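Chemist: This is the structure alone, sequence omitted:
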C-alpha cells in the first residue's frame, strides 16, 4: 500500500475518533426509567404518563418503619417528622399525627361556610334552615349520632357533613399511638412529598439519602428497627443504581472475557490490541451518533455496548484468521460486506421503533457496526505489521472440522427440532407473550410488593381512572373542576362511579367562595330566620349562639387560597390534583369504581365521557391508565413484531440478490430453525416473550446470517481456517451476550439470553444445514 | 316438614330445661350466660332507640330492625326517621345511608368503633373473649333477669362512653343502654320477633 494513502486513511480515522470523543465529552447520560416507559401516541396521554412519572404524584415517597414495638415505632415516626420538617428538600411530611389531623379538621370546620357545596341563597332562609336543621337532628338519631352531636351547636345546618360527604367511601389509614400504622399494625407509615424544583434523579437520590440519614441519626433507635421506602422516586433511583452498576460490571467483565479469549487464540498482544481497535472505534462512534441523534444517551444503550464487542470483534477475528500469505481470499470482503449489510438491515428495523430505548439501540448498533467494519477493512490492514504471525491453529481446526462433519450428519435431526419447536409454538401461541409493561422494569418483585403494601396502608388512590383537563390559570382550573363536579355527582348517585376527588372540594374557586359568602345572611336576618326555622324542632335558638357568631365571622373572612392549607394533609392531596406546569395548570381528578376486587372494579368510562360531553365539557378526558399503558405496550409489541418481520424479510431479500434464491434459502433455513428453537426453549423455561426477546431474535438473524454466509460462500480460501475463525467469533459472541444474560436488569438479560442461545444454535444449524459437503471434504 | 318442626321445638324445650337447671345451680355466672347466648344461631327483632341529649329539648326516637346470624353477622336497619343500615360481618362494618351511599370500615382500623359494635355483637353471640377485650364486665341478677355492665377499658372509648348496660332474660337481650361520658344517653329496647 502506498504511503500517502496510508497516512490519509490513518488521519481520517484518528480525526473521526477525536470528533467522537469530543461529542461524548459533551454528552448527557441518563439512567432513569424513561426507556422503559412507552411514549404515548397522543399528547394528552403523554402528559398524564409524564405526571405519573415525575409529577406531583411521583414526588410522594412512602415510608414504613418496621421492627421494634408500637411505642418505639411511634417515637421514631415523630422523631423523623421533627427532623425533616423545615428541610427545603421536602414540601410536606406527614405521619398522621393528631396535630396535622386537627389542622385538617380545623380547615374544613372553620371554613365550612366557604367550602360547603350546599350553600346557596336559600340555604339560610327560614325554610332552608328548618329543612337543614331537621335533617341534622334526624342524622343525630342515627348511627352517626355521636359525631353529629358534637357539631350541632356551631353547625346546626350540617355544612361540615356536606363537605365530608364529598370525600365519602374511602378508608383512611389506621392510626395507633397517634400516628399512621399499617393495616396489621406492625409498621408505622409516613408520607413525604419532595419539593418539585429541578427534580432529576440525582436530586431525588439526594433527598432519599437525607431521609435515610435522618432516620439513622435518630437518638436511641433500636437496631431492630428498619426504614423502608417506596414511591416513584425511590423506584427510579434504585433502577438507576441498578443500571449504572450493571453497565459498569458488564463492560469490564465483557472486555476481560473477550481479551482472554483473543489472547488464548492469538497468543500475541499486538494482534489482540489490533483486534480491539475496530471494537473501540465502533463503540465511540456509536455513542457519539446516539448523542447527536437523541440529545442524550441512556445507560442501557451503553449496556448494549457489550453486544457490540460481541459482533465487532468478529470482523477482526475473520480478518486475522483467514489471512493467507498477507492477503485475503477473493470472496472474503464480499462476504463481510454482505454480513454487515444484513446486520444493518436487522438493526434498521429497531431504528424505526417508537419505543425510546430500542431506537437508540438501533442507531448505536448501525453506526458502531459500520465503523467497526470500515476500520477492519481500511485501517487494520494498514496498522497490521507485515510479519504478524498468528499462532498455528491447525490442530484445533482439524478437530473442529470433525465436529462440523458430525453436525452435517445430524442435519435431519436439526430440521426435526425446528419443526417440533414450530409445533410447540403453534400449540402454545396464546401464552407466548407477556403483556405487562412491568416485565421490562428493572424493579424487583420484592420492591413492587413493598410499594403495593405501603400504598394499601396509606389507603392510597391507585389512580387508575382519571378525568383530566388543562386550564390557563388556577382560578379557571378550579372553576372548571366545579363544573365537572356537577356532572360527576349525579353519576355517583347512580353508582356509575363510586366516588371522585376534585381540587375544588378542597379549595373552591374564588368565584364560588364569593358566591357562598354573598349567600350568608347578616346577623339580624340570620337570627330572625333561625327563630322561624326552628319552629317545630326540638331545639331552641339559645343553644346556637356559636352558630350565629361563626356565621358573622364567615361573612367577613378572607377568601381561601393555597396558603390557607399550610401544614394540612389536604394541601398535599390538592397538589396531586391541581398541578402547576410551565404554562397553566393540569387537573387530575381520580374516579373510583364501585366494585372491589379484580373483576368488577371496572368503570364505565363511556358513560362518564358521554355525561361530560352532554354538559359541554368535551375537553375533559377520562382515561383508564392501566388499560392505556397496557394498550400502548401492546401496540409496541405489534410494531416490534412487524418491524422484526420486515427486518428478516429485508435480510432474505439481500441474500437472494447477492447470492441467488437457492443459496439464500440455504442461509435462511438454519436461521429460521434457530429462531424457532430459541423461542421454544424460552417457552419451555417458563419465560414469556417481551418486545426485548423479539429484538434478541432479530439480532440472532442478523449475526447468524454471517455464519451461514461464510459456510455457503465459495470464497476459494482455506476452508479450515475460515471455519475455525467462525467458531471463535461465535464463541466471543456467545460469551458477551451470555454475560448480558446474567444481568439483573430484565431488558439486558432478555436480549442477552436470547442472543447467546440463538447465535450458538445458528452456528450449529448453519454448520449442519448450510455447509457445503464438497468443501468439507477438501483438506 | 311437620316432623322437623316438632323436633326443633323439642330441642328448644330441652335447651330451655337445661338452661333452667343451670339457673337453679348455685353458681350461675358469666360462663353460663355466655353459654346460653351462644346457643342461639339466628334471630331477628325490632328495636326502638331513645336518645336523650342535653342539647335537645326532647328525646329523639328511632326504630327499625335488628338481626343476628351466628357467628358474626349483625345488621341494624333503621327505618325511622331516616332509613339507614349498618351491617357488620366479621371485621367489616358497612354503613349505608338513605341516598344509597355506602361506607365500609374495618374494625381493626377503628378500635373505638370496634368497642362500640362488639358490645352488642359479642353479647348476642355469647363471645366472652371479645367482650372482655374492650370492657370490664360485671354480671348481676339471675338467668331469668340478668344485667351486664360494661365499662370501657380504652381511654379513648372512656371519653365517649362511660358505661353500657345490657339487660335480658335467658338467651334474650331486652335492653341496651349507652351512658355517654357527657351525661347524654341512649336506650334501646329490643322486642324479639323470632329466634332459633
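Modeler: Right, received. Where do you want to start? Keep in mind that this is a model prediction, so the values were computed, not measured.
Chemist: which parts of the stretch 401-550 of chain A sit against chain B?
Modeler: Residues of the stretch 401-550 of chain A that fall close to chain B, judged by C-beta under 8 Å from any C-beta of the partner chain: A:492-493, A:495, A:538-540, A:543. C-betas here are computed from N, CA, C, even on glycine.
Chemist: for these, which one is nearest chain B?
Modeler: Closest approach between these and chain B, by C-beta to the nearest C-beta: residue A:538, at 4.4 Å.
Chemist: Looks like the closest one contacts residue B:56 (just checking).
Modeler: Yes: between residue A:538 and residue B:56 there is a contact under C-beta atoms under 8 Å: 4.6 Å.
Chemist: overlap in contacts of these two?
Modeler: Common neighbours of residue A:538 and residue B:56 (criterion: C-beta atoms under 8 Å, 6 or more residues apart in numbering or on different chains): residue A:137.
Chemist: which one of the two has more residues nearby?
Modeler: residue B:56 (20 against 14; other C-beta atoms under 10 Å in any protein chain shown).
Chemist: which regions of the stretch 651-779 of chain A lie under the pLDDT threshold?
Modeler: Applying pLDDT under 70 to the stretch 651-779 of chain A picks out residues A:714-717, A:773-779.
Chemist: can you rerun that using 50?
Modeler: A:774-779 (pLDDT under 50).
Chemist: Can you tell me the centre-most residue of chain B?
Modeler: For chain B, the residue sitting closest to the mean C-alpha position, by C-alpha atoms, centre = their mean, is residue B:120 at 2.9 Å.
Chemist: Would you check that that residue makes contact with residue B:75?
Modeler: No: Residue B:120 is not in contact with residue B:75 according to C-beta under 8 Å; the separation is 11.0 Å.
Chemist: Give me the pLDDT for residue A:368.
Modeler: At residue A:368, the model reports a pLDDT of 91.
Chemist: Ok, the one 5 residues further on next?
Modeler: In this prediction, residue A:373 carries a pLDDT score of 90.
Chemist: sorry, back to before: so the residue nearest to the centre of chain B is in which element?
Modeler: helix B:111-125 (DSSP states H and E).
Chemist: Could you list the residues in contact with that helix?
Modeler: Applying C-beta under 8 Å, 6+ apart, the contact partners of helix B:111-125 are B:37-38, B:40, B:43, B:68, B:70-72, B:74, B:86, B:88, B:93, B:105, B:107-108, B:127-131, B:133-135, B:148, B:150, B:152, B:154, B:156-157, B:160-161, B:164, B:166, B:173, B:176.
Chemist: Now list the buried members of those residues.
Modeler: B:37-38, B:40, B:43, B:68, B:70, B:72, B:74, B:86, B:88, B:93, B:105, B:107, B:127-128, B:130-131, B:134-135, B:148, B:150, B:152, B:154, B:157, B:160-161, B:164, B:166, B:173, B:176 (16 or more other C-beta atoms under 10 Å in any protein chain shown).
Chemist: check those against chain A, which are close?
Modeler: B:86, B:105, B:160.
Chemist: Give me the neighbour count for the nearest residue to the last one once chain neighbours are set aside.
Modeler: Spelled out, that is residue B:160. The shortest distance from residue B:160 to any residue other than its chain neighbours is 5.9 Å, reached at residue B:181 (C-beta to C-beta, 6 or more residues apart in numbering or on different chains). Counted by other C-beta under 10 Å, the residues lying close to residue B:181 total 13.
Chemist: now residue B:181: how far from residue A:31?
Modeler: In this view, residue B:181 and residue A:31 are 59 Å apart by C-beta to C-beta, to the nearest Å.
Chemist: Ok, residue A:452 next?
Modeler: 24 Å.
Chemist: Could you list the buried residues of the helix or strand where residue B:93 lies?
Modeler: Residue B:93 belongs to strand B:92-96 when assigned by DSSP H and E. By neighbour count on 16+ other C-beta under 10 Å, the buried set for strand B:92-96 is B:93, B:95-96.
Chemist: for the record, mean pLDDT for it?
Modeler: Strand B:92-96 shows a mean pLDDT of 84.
Chemist: Contacts for it, please.
Modeler: For strand B:92-96, contacts defined as C-beta under 8 Å, 6+ apart pick out A:143-144, B:84-88, B:102-107, B:110, B:113, B:117.
Chemist: just checking, residue A:497 is part of a strand?
Modeler: No: counting by DSSP: H, G, I helix; E, B strand; the rest coil, residue A:497 is not part of a strand but coil.
Chemist: Next one: it, what pLDDT does it get?
Modeler: Looking at residue A:497, its pLDDT reads 84.
Chemist: residues near it, how many?
Modeler: With other C-beta under 10 Å as criterion, residue A:497 counts 25.
Chemist: Quickly note the distance from it to chain B.
Modeler: Per C-beta to the nearest C-beta, to the nearest Å, residue A:497 is found 12 Å from chain B.
Chemist: and the nearest residue to residue B:81 once chain neighbours are set aside, what helix or strand is that in?
Modeler: In this structure, residue B:81 finds its nearest non-sequential neighbour in residue A:138, 4.7 Å apart by C-beta to C-beta, 6+ apart. Using DSSP H and E, the element containing residue A:138 is helix A:126-141.
Chemist: hmm, who's touching that helix?
Modeler: A:118, A:122-123, A:145, A:148-149, A:152, A:156-158, A:161, A:528-530, A:532-539, B:49, B:51, B:53, B:56, B:60-62, B:81-82.
Chemist: So which bits of that helix are buried?
Modeler: For helix A:126-141, by 16+ other C-beta under 10 Å, it's A:126, A:128-130, A:132-134, A:136-141.
Chemist: Dump those into TSV; add distance to residue A:245 as well.
Modeler: Below are those laid out as TSV (distance: C-beta to C-beta, whole Å):
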residue	distance to residue A:245
A:126	73
A:128	66
A:129	68
A:130	71
A:132	63
A:133	66
A:134	68
A:136	62
A:137	66
A:138	64
A:139	59
A:140	62
A:141	64
